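Trainee: Got a predicted structure here, sequence first:
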Amino acid sequence: MSDSAHSPRIGITHDNIHLSKPTWRDLTESRDVSAEGSVHGCADPKVLEFITAATASNTRRAYQSDLTHFLAWGGSIPAGRDTVAEYIAAHAKTFSMATLARRVVAIRRAHAVRGLPDPTRLELVRLTLRGARRLHGCPQRRVAPLRIEQLSAIVFVLSGSTRDVRDRALLLIGFSGAFRRSELSAVDCKWIERTEQGIEITLPRSKTDQEGKGRRVAIARVGGPICPVAALDSWLQVSGIADGPLFRPVSKVGRVLESRLSASAIAIVVKERAAQIGLAPERYSGHSLRAGFATSAAAAGLSVWQIKGQTGHASDAALGSYIREADSFRGMAAVWSSVSEEPSRIPLGMRSPVA
């Protein structure tokens, strides 16, 4: 990108915040506390390159952030069982159990890759974490799914501005492809293939495809104002994008930048557009598009294998919560619809007593 793209004249907006905010690497002064100079005594740079590639970059960043917090608190590598247990006890009331468990995993990994004894497997640490779950555990917060009717309402209020054209395509493609926000951010023009029925987008890598086997996602041309293919065509025409990242930041003056729209910026777009139609933005995130497709598809009666074919879920268990949510309301509606309002059709024991 040219220097002018970083000029204040471009205008920092909610979707190009990465141009103004320091990156995680800036904050840690490029000191990767979870990346090891040697793994189990191996210092061969070629081997270490493959070891680094074995873990997704997002996962490495999460481990790095978690381990940084542990070390800043006063921990060390290697750590004793008492230190790890005290760390858990110190943060059990302030962290969610998911966050606390992930930080314990980061500590475990830091020991494992160095060939050090793992303190997190000792009974003192295990019992402390189990007790924290019992005393302070609560249901994990789930983002609300952005259902098809809500998505339609958002699309209806969008105008013809460059940002609105982009967001219309972003939301419809994200929903219909059931993409994770990281997948949506990573889409390049070269991975889009036109067919008679619509388009196919190839994901060269995803959360459940770390080995890069690739997955093709079909997006149908459905016609009408909520057609994802038509929305994508409009975005490509307005933006003039022919190659490189598909979804990009748009400046305050409507200029399309060359960089890739980040996953966090996609989450902000979803929140802001949800708020536009009166939804509580704190309940929505980038994952709401993926969850919304799964929930809407289940409510429409699609089978599990059909939904999995679009979402790419590796197991039924991961998909089950969306299907159960849709089925629970549909099932209760069916129960009530089976009861006639005519007293003659209602069993005698269920009739209201006559005064």
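Mentor: Done, it's in.
Trainee: number of nearby residues for residue 185?
Mentor: 21 (other CB atoms under 10 Å). Any C-beta I mention is one placed from the backbone N, CA and C, and that applies to glycine too.
Trainee: wait, it sits on residue 259?
Mentor: No. Taking CB atoms under 8 Å as the definition, residue 185 is not a contact partner of residue 259, at 10.7 Å.
Trainee: Break this structure down into its structural domains.
Mentor: Here the domain parsing of the chain from automatic domain parsing is 32-136, 148-333.
Trainee: what about the last one, distance to the chain center?
Mentor: Chain-centre distance of domain 148-333: 11 Å, with CA atoms, centre = their mean, to the nearest Å.
Trainee: same check, this time on the shortest one
Mentor: For domain 32-136, the distance from its own C-alpha centre to the chain's C-alpha centre is 23 Å (CA atoms, centre = their mean).
Trainee: Helix, strand, or coil at residue 200?
Mentor: strand (DSSP: H, G, I helix; E, B strand; the rest coil).
Trainee: show me what contacts it?
Mentor: Going by CB atoms under 8 Å, 6 or more residues apart in numbering, residue 200 touches 192, 193, 216, 217, 218, 219.
Trainee: repeat that for 6 Å
Mentor: 193, 216, 218 (CB atoms under 6 Å, 6 or more residues apart in numbering).
Trainee: hang on, the earlier thing: ranking the domains of the chain by mean neighbour count, which comes first?
Mentor: Burial of these is given as mean neighbour count (mean count of other CB atoms under 10 Å); domain 148-333 ranks first at a mean of 17.
Trainee: Quick check on residue 217: phi, psi?
Mentor: For residue 217, the backbone dihedrals are phi -120, psi 120 (criterion: degrees, to the nearest 10).
Trainee: Quick check: bridge partners of it?
Mentor: Counting by DSSP bridges, residue 217 forms beta bridges with residue 201.
Trainee: That one is in contact with residue 201, isn't it?
Mentor: Yes. Here residue 217 reaches residue 201: they are 5.0 Å apart, a contact under CB atoms under 6 Å.
Trainee: Can you check what pLDDT the model gives the closest residue to residue 195 other than its chain neighbours?
Mentor: Nearest residue to residue 195, sequence neighbours excluded (CB to CB, 6 or more residues apart in numbering): residue 218, at 7.8 Å. Per-residue pLDDT puts residue 218 at 90.
Trainee: what ranges of the stretch 151-300 of the chain fall below the confidence cut-off?
Mentor: Where the stretch 151-300 of the chain drops to pLDDT under 70, the residues are 205-214.
Trainee: Distance of the most centrally placed residue in the chain relative to residue 277?
Mentor: When CA atoms, centre = their mean is applied to the chain, the residue found nearest the centroid is residue 287 (4.2 Å). From residue 287 over to residue 277 the distance is 18 Å, taken as CB to CB, to the nearest Å.
Trainee: Kindly indicate whether residue 307 is helix, strand or coil.
Mentor: Quick answer, by three-state DSSP: residue 307 is helix.
Trainee: unless I'm mixing things up, it is touching residue 297, no?
Mentor: Yes. With contact defined as CB under 6 Å, residue 307 counts as touching residue 297 (4.9 Å).
Trainee: just to revisit the earlier point, nearest residue to the residue nearest to the centre of the chain other than its sequence neighbours?
Mentor: The nearest residue in space to residue 287 (CB to CB, 6+ apart) is residue 143, at 5.2 Å.
Trainee: Now name the helix or strand holding the one you found.
Mentor: If you go by DSSP states H and E, residue 143 is not part of any helix or strand.
Trainee: What distance do you get for it to residue 270?
Mentor: Per CB to CB, residue 143 is found 9 Å from residue 270.
Trainee: got any residues that touch both of the two?
Mentor: residue 288.
Trainee: which residues in the stretch 151-300 of the chain form helices?
Mentor: Under the criterion DSSP state H, counting those that start in this stretch, the stretch 151-300 of the chain carries helices at the ranges 162-176, 181-186, 228-239, 263-276, 287-299.
Trainee: Tell me who's in contact with the closest residue to residue 102 other than its chain neighbours.
Mentor: The shortest distance from residue 102 to any non-neighbouring residue, by CB to CB, 6+ apart, is to residue 66 (6.0 Å). Residue 66 is in contact with 102, 103, 106, counting by CB under 6 Å, 6+ apart.
Trainee: just checking, which of those belong to strands?
Mentor: With strands defined by DSSP state E, no entry of those lies inside them.
Trainee: I'd like to know which of those are part of helices.
Mentor: Counted as lying in helices by DSSP state H, out of those, are 102, 103, 106.
Trainee: Good, we can wrap up now.
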